[in-house]
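>>> Sharing a sequence plus its predicted fold:
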Amino acid sequence: MAITYSLDAEGNIISDQHLIAQVLSEAISYINFLKGKILVIKLGGSMLEHQQEVLQDVVWLHQLGAHPVLVHGGGPYINEWLTRLQIPTRFINGLRVTDEQTLEVVRMVLSGQINQRLVLMTAQLGGNAVGLTGTDGGMLRAHIADERLGYVGEIDEVDPAPIQAMIEQGFIPIIAPLAQGAGASCLNINADLAAAHIAGALNAEKLIFLSNVVGICGADGTLISELSEAEARKLIEEGIISGGMIPKVSACLDALAAVPRVHIVDGREQHVLLRELFTNQGAGTMIIR
Ligand SMILES: Nc1ncnc2c1ncn2[C@@H]1O[C@H](COP(=O)(O)OP(=O)(O)O)[C@@H](O)[C@H]1O
Ligand SMILES: CC(=O)N[C@@H](CCC(=O)OP(=O)(O)O)C(=O)O
């Protein structure tokens, strides 16, 4: 067998075997570090075609002792059903204008279709998930903050107890972004904002948004690998961050108060979660304070 040699940081010659041993030992210590840590992973509706690969990584992480908590969106699927039912779709700053009819469709798609599918697919991959919506156990409480948006909630309170109970029982919680409003009504919540609030309430180790872009891109379309709060706000003002990326970035900025590491990565990329967690180069955009 041929043995090849490389140089380490100090210029010493080391063999491939040394490198492999070093990489493995770093990976093992990181696996030990992740044991018992909560990782909130937001699955954007735009990347749900790739749900199986992501769920496979989630099941592995769970088997390794981490506590993944999934929050999912489903915007494109809601749009598709609204079109079929000839109900018009409108967004303001990335948030869906939600009248009574639209809310019915949002509830059916998020809770009945997507949440169920993710739970069953996790089972197929050898994991054990419990599907919840933010209305279960009064987990997410919200109020209508902008009348123009209709039944869209702004989150007031998160009770993490139902999620913690599921984690303690060994389940992977999978959460649909609905909340309880005044008079036990149901409100539509943007999934990015739901994920950020949930991550904060759980004191998560990391919050990772999986979407259908490489990360946040600048004016020239290239990936920005690290973005500060001030830079993010400037890009929103300039319109370079727009549409569905606005609530995502706002959610990241909100979460930074409680969650040390917040990332936006490409959910279409194979094993992006493992790459983000276990390689030095990471993936996508990391948002920093
Ligand atoms: N500066 C930007 N960098 C990357 N994506 C952006 C930017 N501004 C707007 N976007 C849009 O944001 C979208 C992601 O948001 P969204 O469609 O809500 O995804 P998800 O369903 O994953 O939450 C991207 O597909 C892209 O079209
Ligand atoms: C208020 C609001 O906009 N709610 C979102 C909830 C789903 C979501 O956020 O899905 P994505 O993560 O795929 O965007 C909606 O109705 O589309």
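That came in fine, so what should we check first? Ligands and ions are numbered 1, 2, ... in the order given.
>>> residue of the protein with the smallest distance to ligand 2?
Gly73 (1.9 Å; C-beta to the nearest ligand atom). For the C-beta atoms, the positions are set from N, CA and C on the backbone; glycine is no exception.
>>> Please report the distance of that residue from Ser228.
Look at Gly73 and Ser228: by C-beta to C-beta, to the nearest Å, they are 25 Å apart.
>>> same deal with Ile38?
In terms of C-beta to C-beta, Ile38 sits 25 Å off from Ser228.
>>> Looking at those two, which one has more neighbours?
Ile38 (22 against 12; other C-beta atoms under 10 Å).
>>> close enough to count as contact, Glu229 and Ala255?
No. Assessed by C-beta atoms under 8 Å, Glu229 is found out of contact with Ala255, at 11.4 Å.
>>> Between the two, tell me which one has more neighbours.
Remark: of Glu229 and Ala255, Ala255 carries more neighbours, 26 against 14, as counted by other C-beta under 10 Å.
>>> Confirm Asn79 sits in a helix?
Yes. Assessed with DSSP: H, G, I helix; E, B strand; the rest coil, Asn79 lies in a helix.
>>> Now for the closest residue to it other than its chain neighbours: which residues touch it?
Distance criterion C-beta to C-beta, 6 or more residues apart in numbering; nearest residue to Asn79, sequence neighbours excluded, is Thr89 at 5.3 Å. If you count contacts by C-beta atoms under 8 Å, 6 or more residues apart in numbering, Thr89 has them with 79, 82-83, 96.
>>> Any chance of the backbone angles for Thr89?
The phi/psi pair for Thr89 (degrees, to the nearest 10) reads phi -110, psi 130.
>>> for Met286, same thing?
According to degrees, to the nearest 10, Met286 has phi -100, psi 130.
>>> in the sheet, who's paired with it?
Note on Met286: beta-bridge partners by DSSP bridges are Glu226, His263.
>>> Would you mind measuring from it to Glu269?
Taking C-beta to C-beta, one finds Met286 at 16 Å from Glu269.
>>> And Thr285, by the same measure?
13 Å.
>>> Look at the two and report which has more neighbours.
Between Thr285 and Glu269, counted using other C-beta under 10 Å, Thr285 has the larger neighbour count: 25 against 18.
>>> which residues sit in contact with that one?
If you count contacts by C-beta under 8 Å, 6+ apart, then Thr285 has 215-216, 223-227, 263-265 around it.
>>> how does it look with 6 Å?
215-216, 224, 227, 264 (C-beta atoms under 6 Å, 6 or more residues apart in numbering).
>>> So which residues on the protein come close to ligand 2?
Within the chain, the positions near ligand 2 by C-beta under 6 Å from any ligand atom are 44-46, 73-75, 78, 95-96, 106, 152, 177, 188-191, 244.
>>> out of these, which are buried?
Among these, the ones that count as buried by 16 or more other C-beta atoms under 10 Å are 44-46, 73-75, 78, 95-96, 106, 152, 177, 188-191, 244.
>>> Just the helices from the chain, written as ranges.
16-34, 51-63, 75-84, 100-107, 116-124, 161-168, 191-201, 229-237, 245-255, 272-278 (DSSP state H).
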